[in-house]
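> Can you look at this prediction? I've put the sequence above it.
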Protein chains: 2
Amino acid sequence: MVKTKKYILAKHFIGEPKLTDFKLVEEELPKLEEGEILCESLWLSVDPYMRKYTDFQMEGTVMPGGVVARIAESRDPEFPKGRYVAAYFGWRTRTIYNTREENKSIYPKPYLLPDFGDLPLSLGLGVLGMPGITANFGFLEVCEPQPGETVVVNGAAGAVGSIVGQIAKIVGCRVIGFAGSDAKVKWLKEKLRFDAAYNYKTTKISDALREAAPKGVDCFFDNVGGAFSNEVFRRMNTKGRVCVCGAIAGYNAGFENVLVPMVQPYILSKELKVQGFIVWNHASRWLQAIQENMRWINEGKIVSEETITEGFENAPKAFIGMLRGDNIGKAVVQI
Amino acid sequence: MVKTKKYILAKHFIGEPKLTDFKLVEEELPKLEEGEILCESLWLSVDPYMRKYTDFQMEGTVMPGGVVARIAESRDPEFPKGRYVAAYFGWRTRTIYNTREENKSIYPKPYLLPDFGDLPLSLGLGVLGMPGITANFGFLEVCEPQPGETVVVNGAAGAVGSIVGQIAKIVGCRVIGFAGSDAKVKWLKEKLRFDAAYNYKTTKISDALREAAPKGVDCFFDNVGGAFSNEVFRRMNTKGRVCVCGAIAGYNAGFENVLVPMVQPYILSKELKVQGFIVWNHASRWLQAIQENMRWINEGKIVSEETITEGFENAPKAFIGMLRGDNIGKAVVQI
C-alpha cells in the first residue's frame, strides 16, 4: 500500500493563521484503476489566495494549493510515467488522479508541464505557473499598458507583483513598486530595475506617488485594496486602468472590517476602468502565457526569484511566513 | 443697455445648500461685437453634478449649469437670430457669447438645437440633452447590456436614471429601479414599466435584490455610490458591468466621510468591470444620442417627465429640492 501525507484545515483561521489551525494526517492510497495516475508531489505552492479560499471550505478538508508532481505510476498513456504535472491537488505528498473525471472545481485540470529546458521545475508554481500567468494576462489584458505610461504595483516583491513590474518594463512603462521591507525595495530597484520602489510601512503612499509619479498614474496593478488603493486612485490619470488581482488588506482582517472612503468619486471623475481578474477563468490559454514568460526569462528580461522552505512538514510555517511578507519572489515548499 | 440677472455662489455649500449660499446680482451687457450672439435663457437646468462642481469654483463666481436659450441678436451667420442653443452659460438670464472663442471649459461648446418637432424645448436640458446623452452612452457603452440580462439603476426616477431604465427595456433587459419615495416607485412601475422598483428609504436593498434579482445582477448603472453600491456589488454575476455615473451618497456628506467596506473583494471575485462615465468627454457625438433618444420618444418607447419650477428667482429652491429628491424626472426652471 502507498501512503500519503496531507495537511487538513483543522480550524478556520481567525485573523492570522496559527500552526494549530493545521493538522497533518496520513492516508493509504488504493491500487490504480484504469485512467488513473499516481503523482508524487515535488513542490508545493503557498499563495495569498489560499487565506481567503479556506473561509469557504469545511474544517477537516485538505488545504488548497498547487503542486508540481512527478507521475510515479500511470494507467493513462496520455500522462506517461516520469513526466511532470502541475495540479491543484492541495497540500498532499501523493495523489491518485483520475484523468477521465470531469473537472468540477474552480481550478484548472492537472496538465503536463511543457519542457522547461534548464529552468527549475518549481517555476511551474511561479513565473511559469499560476502567478506568472496572472501577471501576464492580468496586467497586459486588463491594464492595457502603453509604452511611456506610468504603472504602480503593490505586493511588488511577491510572486505576481514582481513579474508584473518586469513585464511593464518590457512594454516600455515606468514602474513604481511598493513592498514591505527595505530589503525588498533594494531588490526591486537593483535586481528587477524598477524605476522607483518604496517601503509602504515607512513611507506615506501619497508622498511616494507625488515624488515618483509627478504626471499621475496610468495603470495600477492592485494586490492589496483598501486604503492603499484609494491613495493610488487619487493620483490616477483620466482613463486610467486598474487590475484588481488581490485584496490582501482584508485577508486577515476580514473584508467587512476594512472601512475606507467610497471609491466611486475617483472612478467617476477620471473615468477609470477598474476590473477584477481571476486567473482560473483563463485556464484554456495558460500555455500561451507560460511560453511567453519562458521566452522572456531565456532572453534575460525576467528575473525570477524563489523563497524555498524545505520539508512538507514546514508547509504551514511557509504559508504563515508568506502572509507576513517574509518571502522575496515566489514562496514554495520543497517536499 | 441690456441687463442680465445672474446667481453667484456666495458661499461654498456646507452639507445641504442653503438659500443664503446664493446671491442674485444684476449686470449690464456691452454692445455685440463681430462674431458674438446675445442669448436669452428660456430654461435653466439643475442637476446633481453641480453640487460637487461648486466645491472647485471660487465664491463670487456664477453658478454652473446648462440653459436652453433663444438667440435674440446675432453677429454670426452660423448662429442666426431666432434659433435656439443649448449652452453651459450658468445661472444667467442673458449671455453674450463669442462663437469664435476657443472652448477652454470642460463643458461642450454652445450648439444649435436640432428641430425637436412638437417636443418642448426644455427637453434639450433633459432627455434630448446632457442627462439623456449620459443615459444613452453611459448605459449602452459602459454596461454593454445584452437582451435578457438584469439591470439595476438607482436614482431611478431622476433625469438620468429614468432614461437608463427605459433604454434597458428597449434593449430587452429586466430592470430594477431604486428611488426615494413611494410615488416615484409607482411612477417607475406604472408609467415607465420597470419590472421592479423599490423605495430605498423603506426597503432593505439586499432584501429587494434577493426578491427581484434571484439570478443576480448583470449591469448596474450607479448614480449613488457608497453603501448602496456595495449591496449591489454583492449580488452581481461574474463579468458584470458597472457604470459609475454619479456619487450622490457623498455630495452633501463629503466623500471622505462616507466610509464603506472595501469594494475590491467584490470586483475581484466576480471579475466585475467598474467604469466611470463623464459625459463631457463624449461631446463630439452628442447629436447622435439626441437623435436616437428623439426617435425613441416619437416611437413611444421613452416617456419623459419634467418637474418644472417657475421663475429664475426660484432657481436655488429648485436646486435644493432636486438634491432632496423632490423631482420626478428632469428638474428644470422656466425663466
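All right, it came through fine.
> I'd assumed residue A:131 was in a strand, is it?
No. Counting by DSSP: H, G, I helix; E, B strand; the rest coil, residue A:131 is not part of a strand but helix.
> That one reaches residue A:47, doesn't it?
Yes. With contact defined as CB atoms under 8 Å, residue A:131 counts as touching residue A:47 (6.9 Å). Backbone N, C-alpha and C define where each C-beta goes, glycine included.
> so what sits against both of the two?
residue A:159 (CB atoms under 8 Å, 6 or more residues apart in numbering or on different chains).
> In terms of neighbours, single out the busier of those two.
Set residue A:131 next to residue A:47 and count neighbours by other CB atoms under 10 Å in any protein chain shown: residue A:131 wins out with 30 against 25.
> do you know how far the more buried one is from chain B?
15 Å (CB to the nearest CB, to the nearest Å).
> what sits against the closest residue to chain B within the stretch 1-150 of chain A?
Of all residues in the stretch 1-150 of chain A, the one sitting closest to chain B is residue A:52 (8.0 Å; CB to the nearest CB). Neighbouring residues of residue A:52 by CB under 8 Å, 6+ apart: A:247, A:251, B:265.
> Likewise for residue A:106?
residue A:280.
> Equivalent analysis for the one 4 residues further on, please.
When contacts are counted by CB under 8 Å, 6+ apart, residue A:110 touches A:39, A:85, A:86, A:87, A:88, A:89, A:97, A:99.
> Neighbours of the residue nearest to residue A:122 when sequence neighbours are not counted, how many?
Distances taken as CB to CB, 6 or more residues apart in numbering or on different chains put residue A:43 closest to residue A:122, at 4.6 Å, once the chain neighbours are dropped. Residue neighbour count, defined by other CB under 10 Å, stands at 24 for residue A:43.
> next one: the helix or strand containing residue A:43 to chain centre, how far?
Taking DSSP states H and E as the definition, one finds residue A:43 inside strand A:36-45. Here the centre of strand A:36-45 is set off from its chain's centre by 19 Å, with CA atoms, centre = their mean, to the nearest Å.
> Show the secondary-structure elements that it is packed against.
Secondary-structure packing of strand A:36-45 (3 or more CB pairs under 8 Å, 6 or more residues apart in numbering or on different chains; DSSP states H and E): strand A:67-74, strand A:84-87, strand A:94-98, strand A:330-334.
> One more pass at 10 Å, please.
Applying 3 or more CB pairs under 10 Å, 6 or more residues apart in numbering or on different chains; DSSP states H and E, we find strand A:36-45 packed against strand A:2-9, strand A:67-74, strand A:84-87, strand A:94-98, strand A:306-310, helix A:315-324, strand A:330-334.
> could you dump the helix or strand bottoming out on mean pLDDT in chain A to CSV, C-alpha only?
Across the helices and strands of chain A, the lowest-confidence element by mean pLDDT, DSSP states H and E is helix A:49-53, at a mean of 92. Extracted C-alpha coordinates of helix A:49-53, given in CSV (Å, rounded to 0.1, in the frame of the first residue of the first chain):
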residue,chain,number,x,y,z
TYR,A,49,-5.5,33.5,-2.2
MET,A,50,-5.5,30.4,0.0
ARG,A,51,-6.0,32.5,3.1
LYS,A,52,-9.3,33.6,1.6
TYR,A,53,-10.4,30.4,0.0
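> Can you give me the buried ones in stretch A:167-177?
For stretch A:167-177, burial by neighbour count (16 or more other CB atoms under 10 Å in any protein chain shown) applies to A:167, A:168, A:169, A:171, A:173, A:174, A:175, A:176, A:177.
> Looking at those, which are in helices?
Among those, DSSP state H puts A:167, A:168, A:169, A:171 in helices.
> Now that we have those, can you turn them into TSV and tack on distance to residue A:69 and pLDDT?
As requested, these are exported to TSV (distance: CB to CB, whole Å; pLDDT from 0 to 100):
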residue	distance to residue A:69	pLDDT
A:167	28	98
A:168	32	98
A:169	33	98
A:171	34	98
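> so who does residue A:264 touch?
Contacts for residue A:264 (CB atoms under 10 Å, 6 or more residues apart in numbering or on different chains) come out as B:222-226, B:228-229, B:242, B:244-250, B:255, B:258, B:260, B:263, B:274, B:276.
> how far away is it from residue A:335?
The spacing between residue A:264 and residue A:335, counted by CB to CB, to the nearest Å, is 46 Å.
> do the same with residue A:43
7 Å.
> Also residue A:232?
38 Å.
> swap in residue A:276?
Distance from residue A:276 to residue A:335, by CB to CB: 32 Å.
> Between these two, point out the one with more neighbours.
Taking neighbours as other CB under 10 Å, residue A:276 and residue A:335 compare with residue A:276 leading, 27 against 22.
> show me what contacts the more buried one?
By CB under 10 Å, 6+ apart, residue A:276 lies in contact with A:138, A:142, A:222, A:242-245, A:247, B:238-240, B:264-274.
> Phi, psi for residue A:300 please.
Reported as degrees, to the nearest 10, the phi and psi values for residue A:300 are phi 80, psi 10.
> Low-confidence regions, the stretch 101-250 of chain A specifically.
For the stretch 101-250 of chain A, no stretch has pLDDT under 70.
> Name the residues of it found near chain B, please.
Taking CB under 10 Å from any CB of the partner chain as the contact definition, the stretch 101-250 of chain A meets chain B at A:142, A:222-230, A:238-250.
> Quick check on those: which are buried?
Taking 16+ other CB under 10 Å as the criterion, what is buried in these is A:142, A:222-226, A:228-230, A:240-250.
> if you look at those, which of them are in helices?
Going by DSSP H, the helices hold A:226, A:228, A:229, A:230 from those.
> Distance to residue A:307 added to the residues you listed, as JSON lines?
Below are those laid out as JSON lines (distance: CB to CB, whole Å):
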{"residue": "A:226", "distance to residue A:307": "25"}
{"residue": "A:228", "distance to residue A:307": "23"}
{"residue": "A:229", "distance to residue A:307": "26"}
{"residue": "A:230", "distance to residue A:307": "30"}
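> Return the member of those residues nearest to chain B.
Among these, residue A:226 lies closest to chain B (CB to the nearest CB), at 4.5 Å.
> and the spatially closest residue to the closest one that is not a sequence neighbour, what does it touch?
Take residue A:226 and drop its neighbours on the chain: the residue closest to it by CB to CB, 6+ apart is residue A:249, 3.3 Å away. Residue A:249 is in contact with A:154, A:222-229, A:255, A:258, A:260, B:262, B:264-265, counting by CB under 10 Å, 6+ apart.
> Residue A:280 now?
Residue A:280 is in contact with A:49, A:88, A:105, A:106, A:107, A:108, A:130, A:134, A:286, counting by CB under 10 Å, 6+ apart.
> what about the closest residue to the second one other than its chain neighbours, how many residues close to it?
Which is residue A:88. Nearest residue to residue A:88 in three dimensions, chain neighbours excluded: residue A:107, at 3.6 Å (CB to CB, 6+ apart). Residues lying near residue A:107 (other CB under 10 Å) number 18.
> Of the contacts of residue A:110, which is the most crowded?
Within those, residue A:39 tops the neighbour count with 27 neighbours, counted by other CB under 10 Å.
> Identify the residue spatially nearest to that one, adjacent ones excluded.
residue A:69 is the one closest to residue A:39 (CB to CB, 6+ apart), at 3.8 Å.
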